[in-house]
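> Using only what follows, build the 3D model:
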Amino acid sequence: VRESVAGWLLAAGAASFFAAATRSGPIAAAFPRRPLVAAVSVLMACLVVLQLGAARSATFAALCFCLVALAAGVRMPASGGLGLEQLPDQPGAMMAARTAAT
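Numbers count the residues shown, from 1 in each chain. Sure, this is the predicted structure:
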């Protein structure tokens, strides 16, 4: 794709991530966090393999990219909540450790 189109595709991925990260509360509340983080991580891995290995068109690759971003938008807040469950009395320390690891 042309450079200008690539910029729009990257923006679509960022928008997908933002939408999922700000709206995934009901999903995180409906499932236990640990299995949710694991399942979404496996989904992301499968989508990346599809995107990089099986995509025969730029449209399919862009769709996979946006789906990876959506899954990441679900995984990130869920994993943050999982980290906060480890030391509920010290949320600042857990978020600092998570930020350092990221």
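
> ok, and the closest non-adjacent residue to residue 81?
Here the nearest residue to residue 81 in space, its sequence neighbours aside, is residue 33; by CB to CB, 6 or more residues apart in numbering that works out to 5.5 Å. Quick note: C-beta positions are derived from backbone N, CA and C, even for glycine.

> cool, residue 64 as well?
Using CB to CB, 6+ apart, the nearest residue to residue 64 is residue 51, at 3.6 Å.

> picking up where we left off before, any idea how far the residue nearest to residue 81 is from residue 88?
Counting by CB to CB, to the nearest Å, the separation of residue 33 from residue 88 is 13 Å.

> What of residue 23?
Residue 23 is 25 Å from residue 88, where distance means CB to CB.

> next one: residue 42
27 Å.

> which of these two has more neighbours?
residue 42 (11 against 8; other CB atoms under 10 Å).

> Could you list which residues are in contact with that one?
With contact set as CB atoms under 8 Å, 6 or more residues apart in numbering, residue 42 has no partners.

> now do 10 Å
residue 71 (CB atoms under 10 Å, 6 or more residues apart in numbering).

> pLDDT averaged over the host helix or strand of it - what is it?
Using DSSP states H and E, residue 42 sits within helix 33-49. For helix 33-49, mean pLDDT is 94.

> how much does the helix or strand just after it deviate in direction from helix 33-49?
Per DSSP H and E, helix 33-49 leads on to helix 58-86 as the next helix or strand towards the C-terminus. Between helix 58-86 and helix 33-49, the angle comes out at 160 degrees (axes from the mean of the first three to the mean of the last three CA atoms, to 10 degrees).
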